[in-house]
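Engineer: just coords:
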């Protein structure tokens with residue numbers, strides 16, 4: 001898993017800050033509501049940000065229901081809907097896991113997806129259009 005994490009760290013933009021966020025206390029909790037996801041570990045890579053529009057890749061490990069976790073990799077773009085939802089996930093890969101072996105395999109697969117996506121188009125307009133979401137009005 002460490003090698004996979006280093007692979008994700010390697011695709012960040014040269015001037016971008018990078019960190020892994022870690023909430024180990026969420027390993028011992030169950031979500032109080034079906035719509036709540038408790039993040040245990042995660043990072044976000046910003047690949048495009050012009051202050052009004054952005055594209056990010058995220059890799060997260062979240063608590064679903066003990067003892068199971070979900071590992072997810074996502075492509076997220078700024079929202080241009082009315083009302084504004086802040087962001088939309090336009091592509092994702094998720095795996096529900098319950099064993100250490102499955103966790104390792106899922107994390108490595110999610111990290112591979114993030115690395116692969118980092119090499120693709122970084123224009124948020126392209127990703128929003130492909131997902132059928134509205135884009136900002138041309139200026």
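Structural biologist: Everything's here; your move. It should be emphasised that the depicted structure is a prediction, and the values quoted were computed from it without experimental measurement.

Engineer: report the contact partners of residue 24.
Structural biologist: Residues near residue 24 by Cβ atoms under 8 Å, 6 or more residues apart in numbering: residue 40. Using the backbone N, CA and C atoms, a C-beta is placed for each residue, glycine as well.

Engineer: can you give me the pLDDT of it?
Structural biologist: If you check residue 24, the pLDDT there is 94.

Engineer: so residue 113 belongs to a strand, correct?
Structural biologist: No. Using DSSP: H, G, I helix; E, B strand; the rest coil, the assignment for residue 113 is helix, not a strand.

Engineer: could you pull out the strands for this protein?
Structural biologist: Using DSSP state E, the strands of the chain run over 21-22, 38-49, 54-65, 68-78, 87-97.

Engineer: what is the second one packed up against?
Structural biologist: Put plainly, it is strand 38-49. Contacts defined by 3 or more Cβ pairs under 8 Å, 6 or more residues apart in numbering; DSSP states H and E place strand 38-49 against strand 21-22, strand 54-65, helix 100-118.

Engineer: any idea how far the residue most central in space within the chain lies from residue 99?
Structural biologist: By Cα atoms, centre = their mean, the chain has its centre lying nearest to residue 58, at 2.1 Å. Distance from residue 58 to residue 99, counting by Cβ to Cβ, to the nearest Å: 24 Å.

Engineer: ok, now which ones touch residue 90?
Structural biologist: Contact partners of residue 90, counting by Cβ under 8 Å, 6+ apart, are 75, 76, 77, 127, 128, 130, 131, 133.

Engineer: report the two of the residues you listed separated the most.
Structural biologist: Using Cβ to Cβ, the contacts of residue 90 span at most 13.6 Å, a distance reached by 76 and 130.

Engineer: so between those two, which is more surrounded?
Structural biologist: Comparing residue 76 with residue 130 by other Cβ atoms under 10 Å, the one with more neighbours is residue 76, at 21 against 12.

Engineer: just for this protein, where's the confidence low?
Structural biologist: Across the chain, the ranges flagged by pLDDT under 70 are 139.

Engineer: swap in 50 and give it another go.
Structural biologist: Applying pLDDT under 50 to the chain picks out no residues at all.
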